[in-house]
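> Provide a 3D model corresponding to the input given below.
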Amino acid sequence: MRLAVAVALVMSLAIAPREARGDDDALAQATALVDQGLAHADRHEWSAALAAYQRAYELAPEPDLLFLIGQAHEGHGACEKALVAYRRNLTLKPDTGRRPAIETRLAELGDCSAQPSPAAPEPAAASPATSPPDVAPRPDGARPGAWRRVSGIAAAATGVVLIGASVYFGLDARDAAGQTEDFQADGGEWTAEREAVEARGHRSERRAIVLGVVGGTALAAGAALWLWDRHEESTSRPVIAVGPDGGLGGWAWRF
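Model (predicted):
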């Protein structure tokens, strides 16, 4: 997930006109904060994740960051705040690529007041002597960590897009540099038009560097998430069955 939002930040801020070079620093800080927040979220450290996401949003108010903020609120048990963040994401950016995921979360959360608080588990009742062993089934589609594969693919895809944008700006910077060299070779007067070409070359060069770095990071992060998901699928886990005469234990592997 590390890049659906970070990528939206980069694309929107890198292509838009900038007033000062400090925007590049703000973008880099926001991307780093998103990475930190995702690392905290992986460890279920929701308060730290929320703080990182909110600070990133202050530096780079990309609406898709609200999706991560909503997830952090949800993980922290703040259902109503999560709903506010999800809805604001859709309001500020109706065409977001996360719309299906957000709508799913909104439908599942529904009315927060109607959702019961988690109840303490009741003591297990003694099974009749004639009952077979009781094994809890695993619900279909409920595999923990499935988000890693989806996020990995999204990160890799956006990484490719960013690298393509980096190549575009790199070629533009090279073209501007060539024109500047031609101006200097002519030995004519240095006009405002020539200064504009030189400035365009510098802007394109900076954008190419930023997009290339973030795009490469996105591609690497996507590959790492996908490999992590593949590893988790093949990891063994204990299976316990409880019956009237005692319990049976074993291990199961997924491939």
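> from here on, contacts and neighbour counts on C-alpha atoms
Fine.
> pLDDT on whatever helix or strand Glu181 lives in, on average?
Glu181 belongs to helix 147-186 when elements are defined using DSSP states H and E. Regarding helix 147-186, the rounded mean pLDDT is 83.
> so which bits of that helix are buried?
For helix 147-186, a neighbour-count test (16 or more other CA atoms under 10 Å) marks 148-149, 151-167, 169-174, 176-177, 179-180 as buried.
> what's the answer for stretch 77-97, then?
Applying 16+ other CA under 10 Å to stretch 77-97 flags Cys79, Glu80, Lys81, Ala82, Leu83, Ala85, Tyr86, Arg87, Arg88, Asn89, Leu90 as buried.
> so what touches it?
Here stretch 77-97 makes contact (CA atoms under 8 Å, 6 or more residues apart in numbering) with 63-67, 69-74, 99, 102, 106, 109, 112.
> buried ones among those?
63-67, 69-74, 99, 102, 106, 109.
> which is the next helix or strand following the helix holding Glu181?
Following helix 147-186 in sequence, per DSSP H and E, is helix 192-233.
> what is that following helix packed up against?
Counting by 3 or more CA pairs under 8 Å, 6 or more residues apart in numbering; DSSP states H and E, the packing neighbours recorded for helix 192-233 are helix 4-15, helix 147-186.
> dump these to TSV, plus distance to Val213.
Below are the helices and strands packed on helix 192-233 laid out as TSV (distance: least, CA to CA, whole Å):
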stretch	distance to Val213
helix 4-15	11
helix 147-186	8
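> those: which one's closest to Leu225?
The closest of the helices and strands packed on helix 192-233 to Leu225 is helix 147-186. By CA to CA, the value is 4.8 Å.
> the closest one versus helix 192-233: what angle between them?
Helix 147-186 and helix 192-233 meet at an angle of 160 degrees, taking axes from the mean of the first three to the mean of the last three CA atoms, to 10 degrees as the criterion.
> from here on, count from 19
All set: I'll call the first residue 19, so the last point we hit is now helix 165-204.
> in a strand, that's where Pro112 is, yeah?
No - Pro112 is assigned coil when assessed by DSSP: H, G, I helix; E, B strand; the rest coil, not a strand.
> re the thing from before, which of the contacts of stretch 95-115 scores worst on pLDDT?
Cys130 (76).
> sorry, back to before: which of the buried ones among the contacts of stretch 95-115 sits closest to Ala48?
Nearest to Ala48 out of those is Leu83 (CA to CA; 10.1 Å).
> my guess is the closest one meets Glu76, correct?
No - taking contacts as CA atoms under 8 Å, Leu83 lies outside contact range of Glu76: 10.1 Å.
> rewinding a little: list the helices and strands the helix holding Glu199 packs on?
helix 22-33, helix 210-251.
> check those helices for me: which has the lowest mean pLDDT.
Lowest mean pLDDT within these: helix 22-33, at a mean of 50.
> any chance of CSV for the buried residues of stretch 95-115, columns secondary structure, pLDDT and distance to Arg224?
Shown next, in CSV, are these (DSSP: H, G, I helix; E, B strand; the rest coil; pLDDT from 0 to 100; distance: CA to CA, whole Å):
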residue, secondary structure, pLDDT, distance to Arg224
Cys97, helix, 93, 41
Glu98, helix, 91, 41
Lys99, helix, 93, 38
Ala100, helix, 92, 36
Leu101, helix, 92, 38
Ala103, helix, 93, 33
Tyr104, helix, 91, 33
Arg105, helix, 93, 35
Arg106, helix, 93, 32
Asn107, helix, 95, 29
Leu108, helix, 93, 31
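> now the residues you listed in TSV, with distance to Val215?
Shown next, in TSV, are the buried residues of stretch 95-115 (distance: CA to CA, whole Å):
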residue	distance to Val215
Cys97	52
Glu98	51
Lys99	48
Ala100	47
Leu101	47
Ala103	42
Tyr104	42
Arg105	43
Arg106	40
Asn107	38
Leu108	39
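> please name the nearest non-neighbouring residue to Leu45.
Ala78 (6.4 Å; CA to CA, 6 or more residues apart in numbering).
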